[in-house]
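Visitor: Show me the folded form of this:
(chains A, B, C, D, E and F, ligands or ions: 6)
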6 protein chains.
Amino acid sequence: MNKRGIGKIALLLAMDDGDMENLKEFYEKKNYVIYRGQAGSMDAKKIVAAIETAASREDIIRENYHEEHALYHAIIEALSGYCRGQVMLGEVLRSAGLTFTIVRGTLIEDDPSSGNWIAVVLYGQIGSPRRGFEHEAVGMGIQPI
Amino acid sequence: MNKRGIGKIALLLAMDDGDMENLKEFYEKKNYVIYRGQAGSMDAKKIVAAIETAASREDIIRENYHEEHALYHAIIEALSGYCRGQVMLGEVLRSAGLTFTIVRGTLIEDDPSSGNWIAVVLYGQIGSPRRGFEHEAVGMGIQPI
Amino acid sequence: MNKRGIGKIALLLAMDDGDMENLKEFYEKKNYVIYRGQAGSMDAKKIVAAIETAASREDIIRENYHEEHALYHAIIEALSGYCRGQVMLGEVLRSAGLTFTIVRGTLIEDDPSSGNWIAVVLYGQIGSPRRGFEHEAVGMGIQPI
Amino acid sequence: MNKRGIGKIALLLAMDDGDMENLKEFYEKKNYVIYRGQAGSMDAKKIVAAIETAASREDIIRENYHEEHALYHAIIEALSGYCRGQVMLGEVLRSAGLTFTIVRGTLIEDDPSSGNWIAVVLYGQIGSPRRGFEHEAVGMGIQPI
Amino acid sequence: MNKRGIGKIALLLAMDDGDMENLKEFYEKKNYVIYRGQAGSMDAKKIVAAIETAASREDIIRENYHEEHALYHAIIEALSGYCRGQVMLGEVLRSAGLTFTIVRGTLIEDDPSSGNWIAVVLYGQIGSPRRGFEHEAVGMGIQPI
Amino acid sequence: MNKRGIGKIALLLAMDDGDMENLKEFYEKKNYVIYRGQAGSMDAKKIVAAIETAASREDIIRENYHEEHALYHAIIEALSGYCRGQVMLGEVLRSAGLTFTIVRGTLIEDDPSSGNWIAVVLYGQIGSPRRGFEHEAVGMGIQPI
Ligand SMILES: [Mg+2]
Ligand SMILES: [Mg+2]
Ligand SMILES: [Mg+2]
Ligand SMILES: [Mg+2]
Ligand SMILES: [Mg+2]
Ligand SMILES: [Mg+2]
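Guide: Numbers count the residues shown, from 1 in each chain, chains lettered A, B, ... in the order given. Ligands and ions are numbered 1, 2, ... in the order given. Sure, this is the predicted structure:
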């Protein structure tokens, strides 16, 4: 198998399809820092806050603006992909329920020369605030850190 | 394992990670129509054309505007997610090299009541037109058909 | 006179200029399903909700996600045209007061082969939340259904 | 009948539905300056150029930057509505064939206190560059002049 | 030194770097109308309101829609530049603290033939609602008036 | 005088108003790396290329993807502000002629704890490709490096 990129690692974990615990441990042994959480809201800023809070609490980023900025832009890029254009949920009467992953490590597996990056992936449902009236969405943001 | 959505099926196939042939056959037996191809360009319209051409040639959509419109909007949503905002490649001096999947079938696996939908997923690299100066991106568009 | 498209029918009815009742009846006899309503708000989601509620109550769409999704995307396209870019009203201190029409039927009048579509048109005023400080706007969204 | 706004006048003329010559003359007698033309392209800048050229040639705007700027922003707003978001045609493999109208006069009919404005309306088809694979679109831009 | 444009005058004053009072007086003697204020919020509409209120109170614009419209579009263009894309602050969990300037006068210094324009400049900080986690941003909007 | 931010330093140099050589030397002595160049085009990618080429040639960034990515995103943010929304020039029949500055150093003057950042500022004219039919524009992008 080819070396995976940091984005694919974050995607596989966000989809939660198959043996996630083994995959997570496999990459943690390769020095990736990994977190997986859930967020659901009609309010995009609550999703941003859930990811930022998890990243700080789990020490995925250090408490400086340099790293917080990288994380923030990765989140906004992921949300922009998830929303396919304008980052809006409740403002246009839609809601999101999703799994997010934050992964920090080399851009390419087993390639230290590729440098340190942070990936944020969102995978879940988007749609009307009414059960079953929703379809899947995905978004990925990647920034150097 | 939970039932997969059409988007996850398309994502797993686009990532080309693991036993893709078996996964493809597994879902073809469940009446999903599936295609996986490659496209690389600084020109977004060439990526649109590659996907539209494949969908027609492989009879994933019928030759009417109703279905072509569903496919087109799924492609544009996927591209919009891949580009994280404005659908622009060469116009802002960047390039994409990606695997695309087109999947047609029920919105949720083994749930005929969820209706017929089409999913387009793009997974690959985006970046400067210079080898190694690129990172991963992903985009997904889903439309009823 | 040429055959009208579903969008023109919805536009003419939204402008409320001339003999609307006769025009409405004329197209209802041709099997178009038509609704005209009013909405005014600084809150885009209230306009989305007003149109979705009317469409359900008047049985213009059936209670399934397939049709609700077509309606939703038609509404968002219409709002995007009305706002000429980002779908924002109160967030940037402006307000909308408008007539909306929902029309369901063939894409082209008297052409069954053109298939079934839904059109949403918004026509009204947009501007500062202060009487007389506003100008006209229009938006149209069309989706297969 | 209520007084019409400059946008409705431009819309009615762009739709070319009914007795356009009489309507045009009616508003020219009320001191509106009116032009109606056609444009079709996969290239948004050719549509911009067709409208700007017509406006200059027909003396709808004076040869100064103040007025050219008002016209330009009205055109871009109309195109943005027509495209429902990003002003892109061929870049995303779609094409437009449309009637445009340029109307200059008071914001509201018979209301000199409403000031002088310019309205640009686009009404036509947008879609795949393939006959019959297209639906209607509309866009309106209004600026003080 | 070359003649300055109205945008540069507004930029120099917004940066508040050097001898602002002299610069302001210098341009007021040249018939520019100038105002400098502060605004800070996670709510874009409060920034719009602060600028609109100042412009009315200081008689930079007359109380008619023609001039209010020019000011409004200049503000939105400035905010759009400040936000570098979508005009969103708190919706994506970020905040702005800025100095704004409104300048009204000829487009180019000492060039009456360039006509009357209004420029709005925003210069300040944008970032996380947490002290020190922010960087500079700038935006400029210019409209004929 | 207060400490300047890296954005203000880049802005002052881009405006080329006053004693630029002294200002440049002053900040070079404080370990800022600074470059000022010109670019003019209807083609956004030529402006991106001009800035990227200058940054490489002048050794403002090192030849790795980490730094090139930071520069690229700073350029796109600056262009997005300059264009006030969609990054489009010739596609909508407008042209830009501008001075760009690239500045690398601490986020805040004399504050090493603020970390290393890169700022790109664009200041110049935007408008119709016709002499005198243009107004000023500005854009700023700031990224950690
Ligand atoms: Mg930033
Ligand atoms: Mg469409
Ligand atoms: Mg959808
Ligand atoms: Mg302008
Ligand atoms: Mg307006
Ligand atoms: Mg990137």
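Visitor: what about A:Ile61, neighbour count?
Guide: A count of nearby residues for A:Ile61, using other C-beta atoms under 10 Å in any protein chain shown, gives 21. C-beta coordinates here come from the backbone N, C-alpha and C atoms, glycine included.
Visitor: Please identify the residues of chain A in proximity to chain F?
Guide: A:Asn64, A:Tyr65, A:His66, A:His69, A:Ala70, A:His73, A:Leu107, A:Ser114, A:Gly115, A:Asn116, A:Gln143, A:Pro144 (C-beta under 8 Å from any C-beta of the partner chain).
Visitor: Just the buried ones from these?
Guide: A:Tyr65, A:His66, A:His69, A:Ala70, A:His73, A:Leu107, A:Ser114, A:Gly115, A:Gln143, A:Pro144 (16 or more other C-beta atoms under 10 Å in any protein chain shown).
Visitor: Out of those, give me the two with the largest separation.
Guide: A:Tyr65 and A:Ser114 (24.1 Å; C-beta to C-beta).
Visitor: related to what we said a few turns ago, columns secondary structure on top of the residues of chain A next to chain F, output as CSV?
Guide: Below are the residues of chain A next to chain F laid out as CSV (DSSP: H, G, I helix; E, B strand; the rest coil):
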residue, secondary structure
A:Asn64, coil
A:Tyr65, helix
A:His66, helix
A:His69, helix
A:Ala70, helix
A:His73, helix
A:Leu107, coil
A:Ser114, helix
A:Gly115, coil
A:Asn116, strand
A:Gln143, strand
A:Pro144, strand
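Visitor: Would you check which of the buried ones among the residues of chain A next to chain F are in contact with chain D?
Guide: Okay, of these, nothing touches chain D (C-beta under 8 Å from any C-beta).
Visitor: Contact residues of chain A facing chain C?
Guide: Taking C-beta under 8 Å from any C-beta as the contact definition, chain A meets chain C at A:86, A:88, A:90-94, A:127-128, A:132-135.
Visitor: quick one: the residue lying farthest from the centre of chain A from C:Glu63, how far?
Guide: Relative to the C-alpha centroid of chain A, counting by C-alpha atoms, centre = their mean, A:Arg130 is the outermost residue, at 24.6 Å. Counting by C-beta to C-beta, to the nearest Å, the separation of A:Arg130 from C:Glu63 is 10 Å.
Visitor: what does A:Gln125 give?
Guide: For A:Gln125, the distance to C:Glu63 - C-beta to C-beta - is 19 Å.
Visitor: Specify which residue of those two has the higher count of neighbours.
Guide: A:Gln125 (17 against 9).
Visitor: Who does the residue nearest to the more buried one when sequence neighbours are not counted form a beta bridge with?
Guide: Once flanking residues are discounted, A:Gln125 sits nearest to A:Glu134: 4.3 Å by C-beta to C-beta, 6 or more residues apart in numbering or on different chains. Listed beta-bridge partners, A:Glu134: A:Gly127 (assigned using DSSP bridges).
Visitor: Run a quick neighbour tally on A:Glu134.
Guide: 21.
Visitor: do stretch A:138-145 and chain B meet at all?
Guide: Yes - against chain B, stretch A:138-145 shows contacts by C-beta under 8 Å from any C-beta at A:Val138, A:Gly139, A:Met140, A:Gly141, A:Ile142.
Visitor: Contacts only, for the first one.
Guide: When contacts are counted by C-beta atoms under 8 Å, 6 or more residues apart in numbering or on different chains, A:Val138 touches A:11, A:14, A:81-82, A:121-123, B:7, B:11, B:81, B:121, B:138-140.
Visitor: Kindly report the same for the third one.
Guide: With contacts defined as C-beta under 8 Å, 6+ apart, the neighbours of A:Met140 are A:7, A:10-11, A:77-78, A:81, A:119-122, B:136-138.
Visitor: at 6 Å instead, please
Guide: Going by C-beta atoms under 6 Å, 6 or more residues apart in numbering or on different chains, A:Met140 touches A:Gly7, A:Ala78, A:Gly81, A:Val121, B:Val138.
Visitor: Could you say which helix or strand holds it?
Guide: Under the criterion of DSSP states H and E, A:Met140 resides in strand A:134-144.
Visitor: A:Arg62 too?
Guide: A:Arg62 belongs to no helix or strand, assigned by DSSP H and E.
Visitor: can you list contacts of stretch A:67-83?
Guide: With C-beta under 6 Å, 6+ apart, stretch A:67-83 has contacts from A:48, A:51, A:55, A:61, A:87, A:118, A:120, A:122, A:137, A:139-141, A:143, A:145, B:81, B:84-85, E:133, F:144.
Visitor: Check stretch A:110-129 too.
Guide: So stretch A:110-129 is contacted by A:3, A:6-7, A:10-11, A:14-15, A:70-71, A:74-75, A:78, A:82, A:95-104, A:106-108, A:133-134, A:137-145, F:66 (C-beta under 6 Å, 6+ apart).
Visitor: Can I have the buried ones of these as a PyMOL selection?
Guide: Paste this into PyMOL to select the buried members of the contacts of stretch A:110-129, with burial taken from 16+ other C-beta under 10 Å:
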select buried, (chain A and resi 6+7+10+11+14+15+70+71+74+75+78+82+95+96+98+99+100+101+102+103+104+106+107+108+133+134+137+138+139+140+141+142+143+144+145) or (chain F and resi 66)
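Visitor: residue ranges with poor pLDDT in chain A?
Guide: Chain A contains residues with pLDDT under 70 at A:1.
Visitor: where do the strands sit along it?
Guide: Here chain A has its strands, by DSSP state E, at A:33-41, A:95-106, A:116-127, A:134-144.
Visitor: and stretch A:38-54, does that touch chain E?
Guide: Yes - for stretch A:38-54, a contact with chain E is found by C-beta under 6 Å from any C-beta of the partner chain, at A:Ala44, A:Lys45, A:Val48, A:Ala49.
Visitor: Flag every buried residue along that stretch.
Guide: A:39, A:41-48, A:50-52, A:54.
Visitor: which one of those residues sits closest to chain D?
Guide: Proximity of the buried residues of stretch A:38-54 to chain D (C-beta to the nearest C-beta) peaks at A:Ala44, which lies at 18.2 Å.
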